[in-house]
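Student: next come a sequence and a model predicted from it.
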Amino acid sequence: TLLNFMITQVGLQDQLLNIVVEKERPELAEEKARLVVEGAENKAALEDAENKILHVLKTSEGNILEDESAINILSASKALANKIAAKQEIAEATEKEIDEARLG
């Protein structure tokens, strides 16, 4: 077993609270874990869209407004960003509810 002596009191309290929540309210723990995974997936999707945009900007020749593939990528990226922003709002509200239930 490895012990981390650098943990703060607040960090330890949070870890213990997570253990209690997992035992008493497993559905909350599962939902919180799902939100963490979804957040990571959203971040990766946004990063991928950003990389596509940067690639299009780098390789585009001439007027970018006349490049149909560039416009399609930008439109798709905007739609994805809006969709993820909406999901994040819901996730933040849900996470706030979960944290209130944990502390209450």
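Tutor: Received, thanks.

Student: if you average pLDDT per helix and strand, which one of the protein comes out bottom?
Tutor: Lowest on mean pLDDT, DSSP states H and E among the helices and strands of the chain sits helix 9-24, with a mean of 84.

Student: I figured residue 101 hits residue 31, correct?
Tutor: No - Residue 101 lies out of contact with residue 31 (C-beta atoms under 8 Å); the separation is 10.0 Å. To be clear about C-beta, it is placed using only N, CA and C from the backbone, and glycine gets the same treatment.

Student: where does residue 55 land on pLDDT?
Tutor: According to the prediction, residue 55 has pLDDT 93.

Student: please name every helix or strand in contact with the helix or strand hosting it.
Tutor: Under the criterion of DSSP states H and E, residue 55 resides in helix 26-59. Applying 3 or more C-beta pairs under 8 Å, 6 or more residues apart in numbering; DSSP states H and E, one finds that helix 26-59 contacts helix 9-24, helix 68-103.
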